[in-house]
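> Here is my input; please provide its structure:
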Amino acid sequence: MSRNGPLALIFHTIFVIVMVAPILVVCLVAFTPEGFLSLPTNGFSLRWFRTIAQYPEFIHAFWVSLGLGALSSFVALLFAVPAALAIARYRFRGRDALAALFLSPLMIPHVVLGIAFLRFFTSAGLGGSFAALIIAHVIIVFPFALRLTLAAATGMDRTVEMAAVSLGAGGWTLFRRVTLPLILPGVISGWALAFIQSFDDLTMTVFLAAPGTETLPVRMFLYIQDNIDPLVTSVSACVIAVTMTALILLDRFYGLDRVLAGKGDTGR
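Sure, this is the predicted structure:
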């Protein structure tokens, strides 16, 4: 097995630093005792983490984002799985056009989508509702769920399904016991990517969110319009900590390799 040369190691090191440095800076600023954005040169303080409790709208927005991301990515998967299986298995007229249509939200700027959704949902009487947010988020995260599920379905070994059919497995049993486990890594990865996209979206959601349905990115965006203090960095640090804790627990009790690549648990 070939080893990376010095230039490759230097490049990888610079790449990791560039990716991780902004996260570290945000986390460090969150511990500043000052009332303005600065690195904690005079000691660390939990002042701005305690301040989060004085702004319940941030906590409410977090739960809205969590519920919206989980629900919209789940609904997107309900459509992505059958669509991926149909595109991967069958050849029919308009197949490529249908696949391009499903992936088209990736090519439209979210500002344009936000304005279009705002006009449509307002005309339909759903302006500012949570249902409108779910529908809009399902549309924008559907391509992410579809692409990873489609990749798993395309590389699936059909002989296993044929063997199950020859042994008398019905349609639902075949899907539940054979097909779904084979494409499960792609399904889980698609759900995770769709959830991240939904949770993090601001450009489109800011057009649709109302005071009762503000997501966390929208709430943070509105806050920094009128305030310049480290509160937003402390909220960001909390989100980063929750994300890292979830990944560590998932890797500890199940294994990220099994979730993302479908590998067996051989090293535990």
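> how many neighbours does Phe92 have?
Close neighbours of Phe92, defined as other Cβ atoms under 10 Å, add up to 8. No exception for glycine: its C-beta is placed from N, CA and C like everyone else's.
> Where do the strands of the stretch 151-268 of the chain begin and end?
With DSSP state E, counting those that start in this stretch as the definition, the stretch 151-268 of the chain shows no strands.
> Run through the helices of it in chain order.
Applying DSSP state H, counting those that start in this stretch to the stretch 151-268 of the chain gives helices spanning 158-166, 171-174, 180-200, 205-208, 216-226, 231-253, 256-261.
> Can you tell me which of these has the worst average pLDDT?
Among the helices of the stretch 151-268 of the chain, helix 256-261 has the lowest mean pLDDT, at a mean of 62.
> To Thr122, which of the helices of the stretch 151-268 of the chain lies closest?
Between Thr122 and the helices of the stretch 151-268 of the chain, the shortest gap by Cβ to Cβ is with helix 205-208, which sits at 9.7 Å.
> contacting residues around that closest one?
114-115, 117-118, 121, 127-128, 132-133, 136-137, 215, 217-218, 221 (Cβ atoms under 8 Å, 6 or more residues apart in numbering).
> Nearest to Met244 among those residues?
Set against Met244, the nearest of those by Cβ to Cβ is Pro217 (18.8 Å).
> wait, doesn't the closest one sit right on Leu68?
No - applying Cβ atoms under 8 Å, one finds Pro217 not in contact with Leu68, separated by 10.9 Å.
> Have a look at the two and say which one is more surrounded.
Leu68 (24 against 18).
> contacting residues for that one?
So, once contact is read as Cβ under 8 Å, 6+ apart, Leu68 ends up touching Phe130, Leu133, Ile134, His137, Ser198, Phe199, Thr215.
> Same check on Gly171?
No residues are in contact with Gly171 under the rule Cβ under 8 Å, 6+ apart.
> re the thing from before, give me the buried subset of the contacts of helix 205-208.
Gly114, Phe117, Leu118, Phe121, Ala132, Leu133, Ala136, His137, Thr215, Pro217, Val218, Phe221 (16 or more other Cβ atoms under 10 Å).
> which outside residues touch the host helix or strand of Ala8?
Following DSSP states H and E, one finds Ala8 within helix 6-29. For helix 6-29, contacts defined as Cβ under 8 Å, 6+ apart pick out Asn4, Leu37, Ser38, Leu39, Pro40, Pro230, Thr233, Ser236, Ala237, Ile240.
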